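J.: Got a sequence here, can you build the structure:
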Amino acid sequence: MSFEEYRRRRRFTVTPEPPGKVEPTRPPGGNRFVIQKHDATHIHYDLRLEMGGVLKSWACPKGLATPHYRKKLAVQVEDHPLAYIDFEGEIPEGEYGAGKVAIWDRGTYEIFEDPAAALEKGALTVLLEGGKVSGEFTLVHMKGKGRNWLVLLNKIERLNPELRREGRAAAMPARVRPMRAELAPAPFDSPEHLFEIKFDGIRAVSYLAADGSLSIMSRNQNEQSFRYPEFANFGKMFLAGEIVVDGEIVVLDEQGVSRFQLLQGRMGLTGAAEIARAREALPARYYIFDILYLDGRDLTGLPLSLRKEILMQVFMPHKYLGLSEWIQGDGKAFFGAARELGLEGVMAKSKSGPYRQKRSRDWQKIKAVREQEFVIGGYTEPQGGRPYFGALLVGFYRGRDLFYAGHVGTGFSDETLKRLYGLMEPLEQRQAPFSVAPRPNQPAHWIRPRLVAQVKFTEWTREGLLRQPVFLGLRDDIRPSQVVREEERGRLAG
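T.: Alright, predicted model coming up:
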């Protein structure tokens, strides 16, 4: 498509895009390319190659071809001006291509024949040498399909060869224990830390195998991939054959904030029909924040800052798969912004720290809202018009002893009351599971400590009880024995 079409479709008094012009051809060897992430109606990636004084352009709805999807659609669009190679910005609503444009990668490319002749015959092979992508791709016109082309990945073994020297040689791990954070007492600034959003969801480590199979494991090693079909095309977005990444599965509210209560509608489902209905009502997203293994290389011993760089090189974010963003140094301001937005808090991570398969002070969580998991040890009789039960009696472990933390009487819908009662009633026992049995205001039913609740509260009282606790949901990704009072762990570690 011609450059005139580019100018015809845009109002340059409104859009920040450059008007540009056809420019003289640059000297041989100066061929530049750019890949721009375009968050319009749907996220897609635009591949632009400098040729003949313009940028020959293709829209790639699912990004570049990858080792698991070596052939993807690429729709040729109008030629863009060379000035577009540096363009980033927001195209206003109502304008052609409305949405955010950001540079995902850029660099130079080598072509193995005359560019004009290759375009004419509808097949051109290019070797991209960018800041992220180093590899050989072929663009092929689909005869009789108008502007539709295919982008093909050639010679997988030559894709990003420099990454094959990072870390240490190793087989892909069967399972990884997620690294866990200590609780920080207050926000802080530090040039040695990265700060990122603390998501309100469930932790998940994902394993993409060489045969294309995907496994997504929760903290207690339960398979989750069948429960979230949104992530079925995981391999489409990674320029890698084998990979292990760490992240968080969330459901976002109308303001784009992750809410654990919303995720309750997706957890615990097993039937295909109910999962499909829940996906439509509550679409999940997976935000990735770390990479642990890549194509025969164990990356866990590398510093976090380098692992982040590698992750950005091989991952192309899309609709349901995103990258957890971060800032450096200014943790107090970042925490203040998170609190204003109603987020759960922030994470502070040591830039130089390796990935440790245990709890570590290298990662610290700074909470804007006090919230943690508690073990359910009983429930009280209902009062007034409430059905099923009155309040949950919850606690935490210190060693092998379960300590009482208080009763939780709010945050329940009628449906939640019914579901919880159905889970608790079969667990009833005569003996209180707490080390010291509490004396609630209403008659109590004790249960075996098998269920874990997520609870929000304002503070701990001097007596060691929760003040104004609110039930948020059940957790199936944490074993009861793992539940401790977070402040205690932080003090012991400090």
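
J.: how about the strands in the stretch 51-200 of the chain?
T.: Counting by DSSP state E, counting those that start in this stretch, the stretch 51-200 of the chain has strands at residues 54-60, 71-80, 89-91, 99-111, 123-130, 134-141, 148-154, 168-169, 180-183, 190-197.

J.: Out of these, which one sits most buried?
T.: strand 54-60 (a mean of 21; mean count of other C-beta atoms under 10 Å). (Glycine included, C-beta is placed from N, CA and C.)

J.: For the most centrally placed residue in the chain, give me its contacts.
T.: In the chain, the residue lying closest to the centroid (C-alpha atoms, centre = their mean) is Y287, at 0.6 Å. Contact analysis of Y287 by C-beta atoms under 8 Å, 6 or more residues apart in numbering lists 199, 247-248, 250, 322-324.

J.: TSV for these, including neighbour count, pLDDT and distance to S134?
T.: As requested, those are exported to TSV (neighbours: other C-beta atoms under 10 Å; pLDDT from 0 to 100; distance: C-beta to C-beta, whole Å):
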residue	neighbour count	pLDDT	distance to S134
F199	23	95	32
G247	24	98	25
E248	19	97	30
V250	24	97	32
G322	18	95	24
L323	16	95	20
S324	19	95	25
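
J.: If I look at the closest residue to E459 other than its chain neighbours, what pLDDT would I see?
T.: Leaving aside its chain neighbours, E459 sits nearest to R467 (5.0 Å; criterion: C-beta to C-beta, 6 or more residues apart in numbering). As predicted, R467 sits at a pLDDT of 93.

J.: separation between R467 and K456?
T.: 11 Å (C-beta to C-beta, to the nearest Å).

J.: go on, G322?
T.: Taking C-beta to C-beta, one finds G322 at 25 Å from K456.

J.: do the same with F234
T.: F234 sits at a distance of 32 Å from K456 (criterion: C-beta to C-beta).

J.: same thing with I156?
T.: Counting by C-beta to C-beta, the gap from I156 to K456 is 47 Å.

J.: Neighbour count: these two, which is higher?
T.: K456 (21 against 17; other C-beta atoms under 10 Å).

J.: Surely the more buried one touches L472?
T.: Yes: between K456 and L472 there is a contact under C-beta atoms under 8 Å: 5.7 Å.

J.: shared neighbours, these two?
T.: 371, 411.

J.: And the pLDDT at M1?
T.: Looking at M1, its pLDDT stands at 63.

J.: Same check on the one 3 residues further on?
T.: According to the predicted model, the pLDDT of E4 comes to 86.

J.: Going forward, count from 43.
T.: Happy to do that; since the first residue is 43 now, the last one works out to E46.

J.: Tell me if I am right that it is in a helix.
T.: Yes: counting by DSSP: H, G, I helix; E, B strand; the rest coil, E46 is located in a helix.

J.: avg pLDDT for the helix or strand containing R321?
T.: Element membership of R321, judged by DSSP states H and E, is helix 314-323. Mean per-residue pLDDT for helix 314-323: 95.

J.: List the buried residues of it.
T.: 320-321 (16 or more other C-beta atoms under 10 Å).

J.: Work out the gap between stretch 302-313 and the centre of the chain.
T.: Relative to its parent chain, stretch 302-313 has a centroid offset of 17 Å by C-alpha atoms, centre = their mean, to the nearest Å.

J.: residues of it that come out buried?
T.: Using 16+ other C-beta under 10 Å as the burial criterion, the residues of stretch 302-313 that qualify are 302-306, 308-309, 311.

J.: between the residues you listed, which is nearest E529?
T.: Set against E529, the nearest of the buried residues of stretch 302-313 by C-beta to C-beta is F302 (20.1 Å).

J.: I figured that closest one was touching L516, is that so?
T.: No: at 10.1 Å, F302 and L516 do not qualify as touching, with contact defined as C-beta under 8 Å.

J.: separation between the nearest residue to A211 once chain neighbours are set aside and V218?
T.: Nearest non-adjacent residue to A211, counting by C-beta to C-beta, 6+ apart: G338, 6.1 Å away. According to C-beta to C-beta, G338 stands 16 Å off from V218.

J.: Which one's more surrounded, the two?
T.: For G338 and V218, the more surrounded residue by other C-beta under 10 Å is V218, and the numbers stand at 18 against 15.

J.: Now that one: closest residue in space that isn't a chain neighbour?
T.: In space, V218 is closest to V247, 5.2 Å off (C-beta to C-beta, 6+ apart).

J.: Please name the residues that touch the one you found.
T.: 218, 220, 258-259, 286-289, 334.

J.: which one among those residues gets closest to V388?
T.: For the contacts of V247, the nearest to V388 is G289 (16.1 Å; C-beta to C-beta).

J.: which residues does that closest one contact?
T.: 245-248, 328-332, 366.

J.: Report the buried members of the residues you listed.
T.: Using 16+ other C-beta under 10 Å as the burial test, the contacts of G289 include 245-248, 328-332, 366 as buried.

J.: Save those as JSON lines, and put in secondary structure and distance to F54 too.
T.: Shown next, in JSON lines, are these (DSSP: H, G, I helix; E, B strand; the rest coil; distance: C-beta to C-beta, whole Å):
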{"residue": "R245", "secondary structure": "strand", "distance to F54": "47"}
{"residue": "A246", "secondary structure": "strand", "distance to F54": "45"}
{"residue": "V247", "secondary structure": "strand", "distance to F54": "47"}
{"residue": "S248", "secondary structure": "strand", "distance to F54": "43"}
{"residue": "Y328", "secondary structure": "strand", "distance to F54": "38"}
{"residue": "Y329", "secondary structure": "strand", "distance to F54": "36"}
{"residue": "I330", "secondary structure": "strand", "distance to F54": "37"}
{"residue": "F331", "secondary structure": "strand", "distance to F54": "39"}
{"residue": "D332", "secondary structure": "strand", "distance to F54": "42"}
{"residue": "S366", "secondary structure": "coil", "distance to F54": "36"}
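
J.: Using CSV, please lay out these together with distance to E47.
T.: Shown next, in CSV, are the buried ones among the contacts of G289 (distance: C-beta to C-beta, whole Å):
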residue, distance to E47
R245, 48
A246, 44
V247, 46
S248, 41
Y328, 37
Y329, 37
I330, 37
F331, 41
D332, 43
S366, 38
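
J.: hmm, back to that, how much space separates the residue nearest to the centre of the chain from R245?
T.: Counting by C-beta to C-beta - Y329 and R245 are separated by 11 Å.

J.: Repeat that for Q355.
T.: 24 Å.

J.: and if you look at V525?
T.: As judged by C-beta to C-beta, V525 and R245 stand 15 Å apart.

J.: same thing with G448?
T.: 26 Å.

J.: for I330, same thing?
T.: 12 Å.

J.: residues shared between the contacts of the two?
T.: Residues touching both I330 and R245 (C-beta under 8 Å, 6+ apart) are 288-289.

J.: circling back: mutual contacts of Y329 and R245, please.
T.: 289-290.

J.: for this structure, where's the lowest mean pLDDT among helices and strands?
T.: In the chain, no helix or strand scores lower on mean pLDDT, DSSP states H and E than helix 528-535, which sits at a mean of 53.

J.: Might you report the residue contacts of the nearest residue to E204 once chain neighbours are set aside?
T.: Nearest residue to E204, sequence neighbours excluded (C-beta to C-beta, 6+ apart): S176, at 6.8 Å. The contact partners of S176, taken as C-beta under 8 Å, 6+ apart, are 170, 201-204.

J.: Which residues does S176 form beta bridges with?
T.: E171 (DSSP bridges).
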